[in-house]
Structure formats: C-alpha cells, structure tokens
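*Asks:* Quick one, structure for this:
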Amino acid sequence: RRLGLEDRVEHEPLALTARHRADQPVTDLGQAGAEHPPTHLVPHRLELVATERSPPLQRVADLEGRRVVTGGAEMLELRMDYLEGLSPDLTREVLRRTRALAGAPVPLIATCRDAREGGAIDYPEPLRLEVLTAALREGAEFVDVEFVNFQKPAFGHRIESALASSPKGRLILSAHDFAKPFDDLRGLYRDIVQAFPAAVPKLVYTARHINDCFQAFDLLHEADRDCIVLCMGQAGLTSRVLARKLGGLVTFASLDEASGTAPGQVTLNAFKGLYRHDSIDRQTALFGVIADPVGHSLSPAIHNACLA
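*Replies:* Here you go, the predicted structure:
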C-alpha cells in the first residue's frame, strides 16, 4: 500500500504490471528507488541538453550535431545560461551553428535559466529576456521561461509579443523545486494554463522517495494538453523513463554523465540502449525491482536484453 500501486493498476494507461501480451513491448525499469495528455497520445521526444560555459561555439561544434541526432535525440535544448559572454548576437549565432551541424530539422528549445531556478550564470533579467526574444526571432521552436518571471507584466508582455511574431515558436512555462515536491502540483498546473493557455506547462521537482513520483504520473494521465512533468533525484528516475508511456511531451537526456543539468538526468546512450526508449509506448508493460539496497542490481541490463 505504501507504493500506491493498488489504485494505479486499475488505470490501463498507468498500469504498473507484470502482465505481458505477445504484441506488447516490454521494459524493465529496475533500480527505481536508487537511481538517479492524456486524452490522446502526445508525440514524445527524447531531448538532448547541450551545455558548456566556454568557449560557446566550440562546445556546439564538440557536440557533433550529426552524431547526436543520428544517435536518437529528437530535440535539442540549448542552455544559453551556461555560455560566457552571452548576448543576443551570440544567441543567434549558436542557433544557426547548431542547425547547420545537426544536418536535420531537429526542433530547438532555447533556455536562459534564472539562477534562482537552477541557472548556471546569474545573468540579469533584461539580458535573459533579450536572449529569449532573439531566439524566437531566429526561429527557435520553443523557449523555456520561468513561470514566476512570466507573471511579471513587463517580462510576460515582451515574451507574448515575440511569440506573436514567431510563426512556429511555442512557449514552455516552467517551475522547479530542487528540495521537495510542490505543495500543490495540480494547482500550479492550473495557474500556468490560466496564465497562457497555449503554453506547455513544465513542472519539475525533487522526489525524496519513489512515492513522490505518483502525483507526477497522475497529472500526466489527467492532463488535456502537451505538458512536461518530471522528478529529479535518485528516486525520480521512474518519471524520466516512463514519460513516454504516460504521454509527456519530452524527457531529457544528457550527452554524457558529466554534462547533465539536473540531478538524476539519464544519458542518451542509457535511454536508447538500457531502457530501450524507442520501444516504449502507452501499451508497454513495466517491470521493476523493489529492494533495499537496489542500486547494485543488474536486472535492468539483464531483463531488457532478454525482453528486447
């Protein structure tokens, strides 16, 4: 009962079950507590987060854009707050260079994170606003804006104006809690939807126990629009791997373990190989290991290889 599985196995899209039909893909989550819409199936993407402090353009080159895309990343997030000497001109140059290196029409998310919500370099708000609007003018498919800043009239109006002039740009409104679950996750989701109905709500919080993930799963199950709901930390691994099954718009991966931007972020190779991300869909049966300790378990590697 502590894991709350009894209530949730009754909902087919959320079924955490050992049942398997021959036509169902299967994955073994494993290590759930030790590692790191809804009404229709939302297209899901595995997104690579690209970051580095200096030199910015050399880092973009080092990402070997074509290798990243052919390796399975379906979207790239550019964390502009990691770049030294940031400016609107540099933003435009980075987006152009990234598109050229990718060699494929991969959607880009431009993020210039406020330091209060996990940003790397504490850039002033006016500069962050200029960077985000420059990214939209340059054709970025998404910009990620902190909800707390969007609520400021001057900030929010500038973003809305830039979006109105961008034929394909979309807004992600995000909120983060690096210490614990949100006090009212559903309420925060409703506030974001009411503030800007066309936005993609992005709610990310730290799971202190695997049980803390269930409210994220429930919100994804109930949501009536594209949204991103993930849990950070070791206990939050389940939310990252299951995002595709539960209809989340994206889940985040890093190029390697050293370049992650949030606790518990999984590498691109682990998503594509160990967890067989491409095989996961709404009907995927889920297997897990419940133990303490469990971090040493080889079950994910062994079982997923056998179930492939």
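
*Asks:* Was I right to think residue 272 contacts residue 266?
*Replies:* No. Using C-beta atoms under 8 Å as the test, residue 272 is too far from residue 266 to be in contact (10.0 Å). Quick note: C-beta positions are derived from backbone N, CA and C, even for glycine.

*Asks:* mind showing which ranges of this protein have poor pLDDT?
*Replies:* Of all residues in the chain, those with pLDDT under 70 make up the ranges 1-71, 104, 258-261.

*Asks:* All the strands of it, in order from the start?
*Replies:* Shown for the chain, the strands assigned by DSSP state E span residues 26-28, 45-50, 75-79, 108-111, 142-146, 170-177, 200-206, 228-232, 250-254, 266-267, 285-287.

*Asks:* so which of those strands gets nearest residue 88?
*Replies:* Proximity to residue 88 (C-beta to C-beta) singles out strand 108-111 among those, at 11.2 Å.

*Asks:* which residues touch the spatially closest residue to residue 96 that is not a sequence neighbour?
*Replies:* With C-beta to C-beta, 6 or more residues apart in numbering as the criterion, residue 96 has its nearest non-adjacent residue at 7.1 Å, and that residue is residue 138. With contact set as C-beta atoms under 8 Å, 6 or more residues apart in numbering, residue 138 has these partners: 91, 92, 95, 96.

*Asks:* will you turn those residues into CSV that also has distance to residue 110?
*Replies:* Shown next, in CSV, are the contacts of residue 138 (distance: C-beta to C-beta, whole Å):
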residue, distance to residue 110
91, 7
92, 10
95, 7
96, 12
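
*Asks:* and which of these is nearest residue 181?
*Replies:* Distance to residue 181 across the contacts of residue 138 (C-beta to C-beta) is lowest for residue 91, with 33.3 Å.

*Asks:* if I pick that closest one, what's in contact with it?
*Replies:* 80, 110, 131, 134, 135, 138.

*Asks:* same thing but 7 Å
*Replies:* Residues in contact with residue 91, defined by C-beta atoms under 7 Å, 6 or more residues apart in numbering, are 80, 131, 134, 135.
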